[in-house]
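Colleague: I would like to see how this sequence folds:
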Amino acid sequence: MTEPIVVGVDASAPSRAAAEWAAGDARLRGLPLRVVRIEGVEQAVGVAAALLAPNSRASCAVLGLRGEGGVPVPAVDSVAQEVAARSDLPVVLVPDGRQGRTGREWRTGEVVLGVDARDPVSAVVDFAFDAARRRGVRLHAVHAWRLPSCAERWMPYALPEEDRGAWEDQEVQLLSDALRPWREKYPHVDIYEDVRLQSLAAALARASASAALLVVGRAGRTLGPTVRDVLEHTACPVAVIPC
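Modeller: As a prediction, this is how the structure comes out:
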C-alpha cells in the first residue's frame with residue numbers, strides 16, 4: 001500500500017495553506033491524503049509523537065509555519081519545528097503567505113534546491129529533481145560559497161576582479177560536476193545552476209520569492225542555523241529532508 005501524505009491542521013491560516021498544499025501534492029503524486037486535526041498544545045504533542053514514531057506510516061508530513069502577520073501559532077508551530085528537526089521522513093513546512101504568494105503561484109513556480117557542491121546529498125537532490133519533474137517546472141540549484149582565506153590579504157583593499165572570477169569559475173564547475181549524475185537521471189528537467197557569493201540562507205530566501213517549493217537538507221536531529229533562517233524568511237513551502 002502506498003504511504004499517505006499526512007497534514008496536521010488547526011484553525012490557523014498557515015494550517016489552511018498547508019492543507020491546500022498537501023492536497024495538491026497528493027494529487028500530483030497519486031498518494032492518499034490523511035488530515036490530522038490538532039486541538040491545542042496537548043494534542044499537538046500527541047501528533048508530533050505519532051509522526052516521529054519509527055513505524056510512522058507516511059511518505060511525508062506537511063505542517064503550517066508561522067501565524068497571521070508572522071506571529072507563531074503555538075500548537076502547530078511547535079509541532080512543525082519538532083517534527084522538521086527530528087523526523088526520518090521529509091517534512092514540508094508551509095508559510096502563511098504573508099509575502100503575498102499562496103495557492104496557484106506556489107503550484108506554478110520553480111523548485112529551488114539548496115546544495116553544497118562539495119558534498120551533495122543524494123536524498124535531498126533526488127527529492128528536488130523528482131519534485132521538479134512531477135510539476136514540469138525548472139529546477140533552480142543554488143550553491144553558496146565564500147572567498148578563500150587567502151583573499152584576506154587584500155583587505156581592506158578591493159579584491160582583484162580576475163582573482164574573484166577565477167574562484168567563482170571553480171565553484172561553477174564544482175556545481176556542474178556535482179549535478180551531472182542527476183542531469184543524466186532526469187534528462188527532461190530544465191536546470192538553472194546558480195552560484196552565489198553570499199550565505200546559503202540569504203540566497204535561498206531570495207530564490208523563494210518565485211518558487212513553488214524550496215528543498216533543503218537537515219543533518220542530525222537539529223534544524224541548524226541555516227535551515228532556521230530559511231524558515232524564518234521563506235516566501236514558499238520548504239521541504240526539509242533528513243540526510
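Colleague: that's a strand at Arg57, yeah?
Modeller: No: going by DSSP: H, G, I helix; E, B strand; the rest coil, the assignment for Arg57 is coil, not a strand.
Colleague: Tell me the confidence at the closest residue to it other than its chain neighbours?
Modeller: Excluding its sequence neighbours, the residue lying closest to Arg57 (CB to CB, 6 or more residues apart in numbering) is Glu3, at 5.5 Å. C-beta here means a position set from N, CA and C on the backbone, and glycine is covered the same way. The score at Glu3 is 90. That number is its pLDDT.
Colleague: tell me which element Glu3 falls in.
Modeller: Under DSSP states H and E, no helix or strand contains Glu3.
Colleague: contact partners of the longest strand seen in the chain?
Modeller: When the chain is scanned for its longest strand (criterion: DSSP state E), the result is strand 211-218. Residues from elsewhere that reach strand 211-218, judged by CB atoms under 8 Å, 6 or more residues apart in numbering: 84-85, 92, 105-114, 121, 123-124, 127-128, 131, 135, 137, 140, 204, 207-208, 224, 226-227, 230, 234-243.
Colleague: Any of the residues you listed buried? List them.
Modeller: 84-85, 92, 106-107, 109-114, 121, 124, 127-128, 131, 135, 137, 140, 204, 207-208, 226-227, 230, 234-242 (16 or more other CB atoms under 10 Å).
Colleague: Name the helix or strand for the closest residue in space to Val215 that isn't next to it in sequence, please.
Modeller: Excluding the flanking residues, the one nearest Val215 by CB to CB, 6+ apart is Ala128, at 4.0 Å. Following DSSP H and E, one finds Ala128 within helix 122-135.
Colleague: What is that helix packed up against?
Modeller: helix 13-29, strand 110-114, strand 139-144, helix 161-185, strand 211-218, strand 238-242 (3 or more CB pairs under 8 Å, 6 or more residues apart in numbering; DSSP states H and E).
Colleague: could you redo these as TSV and give each row distance to Leu200 and mean pLDDT?
Modeller: Listed next are the helices and strands packed on helix 122-135 as TSV, based on distance: least, CB to CB, whole Å; pLDDT from 0 to 100:
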stretch	distance to Leu200	mean pLDDT
helix 13-29	23	88
strand 110-114	6	97
strand 139-144	4	97
helix 161-185	13	88
strand 211-218	9	95
strand 238-242	13	96
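Colleague: What residue spans form the domains of this structure?
Modeller: 1-98, 108-243 (automatic domain parsing).
Colleague: chain center to the last one: distance?
Modeller: The gap between the average C-alpha position of domain 108-243 and the chain average comes to 11 Å, counting by CA atoms, centre = their mean, to the nearest Å.
Colleague: now do stretch 15-27
Modeller: Worked out by CA atoms, centre = their mean, stretch 15-27 lies 16 Å from the chain centre.
Colleague: And Val195, how far from Pro120?
Modeller: 14 Å (CB to CB, to the nearest Å).
Colleague: ugh, wrong one, I meant Arg86
Modeller: 23 Å.
Colleague: out of the two, which sits in the busier spot?
Modeller: Per other CB atoms under 10 Å, whichever of Arg86 and Pro120 has more neighbours is Pro120, with 20 against 17.
Colleague: which one is that one nearest to, not counting chain neighbours?
Modeller: Per CB to CB, 6+ apart, closest to Pro120 is Ala178, 4.6 Å.
Colleague: Surely the one you found is in contact with Ala117?
Modeller: Yes: counting by CB atoms under 8 Å, Ala178 does reach Ala117; the two are 4.4 Å apart.
Colleague: Give me the common contacts of those two.
Modeller: With CB under 8 Å, 6+ apart, Ala178 and Ala117 have common neighbours His143.
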